[in-house]
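# Predicted model, plus sequence, below.
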Amino acid sequence: MDLMLDDLRNNIDVRKEGVVIRRRLQLMLYNIMYRMMFDAKFESQNDPLFIEATKFNSERSRLAQSFDYNYGDFIPLLEAFLERESNAAENGQKRK
């Protein structure tokens, strides 16, 4: 947390334009997770690896909320459990 505050204090653009808190929090959370998993961290919001990771996460989130996406396609063990929910979702989509 202190590193983030120091980074914000030292950045002249932040003083002039402000900062998007959501992006800073996202960077902080990604750094916590990546440090636990890989003992590495992102240097800034402009780090190419951070940008790529956020794109992958956005795509994963979009697909997970889509009616066309089915976890059973990727995890065959779940297919039997998800069939009923999938049918209910399709019926709800058709009624709309």
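Okay, I see it. Numbers count the residues shown, from 1 in each chain.

# Do you have the helices of the chain handy? List them.
Assigned by DSSP state H, the helices in the chain fall at 2-10, 12-17, 21-38, 48-64, 71-74, 76-95.

# Return the per-residue confidence for residue 96.
Predicted confidence (pLDDT) for residue 96: 64.

# no, scratch that, I was asking about residue 11
On the pLDDT scale, residue 11 gets 74.

# which phi and psi does it have?
Torsion angles at residue 11 (phi, psi; degrees, to the nearest 10) stand at phi -90, psi 110.

# center of this structure - which residue?
residue 57 (3.5 Å; Cα atoms, centre = their mean).

# how much space is there between that residue and residue 14?
24 Å (Cβ to Cβ, to the nearest Å). All C-beta atoms are positioned from the backbone trio N, CA, C, and that covers glycine.

# go on, residue 41?
20 Å.

# got a list of what residue 44 touches?
Applying Cβ atoms under 8 Å, 6 or more residues apart in numbering, we find residue 44 in contact with 7, 27, 50.

# first to last residue in stretch 15-25, what's the distance?
18 Å (Cα to Cα, to the nearest Å).

# May I ask which helix or strand of the protein has the lowest mean pLDDT?
helix 71-74 (a mean of 63; mean pLDDT, DSSP states H and E).

# okay, residue 41 and residue 14: which has more neighbours?
residue 41 (16 against 13; other Cβ atoms under 10 Å).

# Is it correct that that one is in contact with residue 28?
No: using Cβ atoms under 8 Å, residue 41 is not in contact with residue 28, being 10.0 Å away.

# Look up how far residue 17 lies from residue 63.
Taking Cβ to Cβ, one finds residue 63 at 33 Å from residue 17.

# Oops, could you answer that again for residue 34 instead?
Look at residue 34 and residue 17: by Cβ to Cβ, they are 27 Å apart.

# So between the two, which is more surrounded?
A side-by-side neighbour count of residue 34 and residue 17, using other Cβ under 10 Å, places residue 34 first with 16 against 9.
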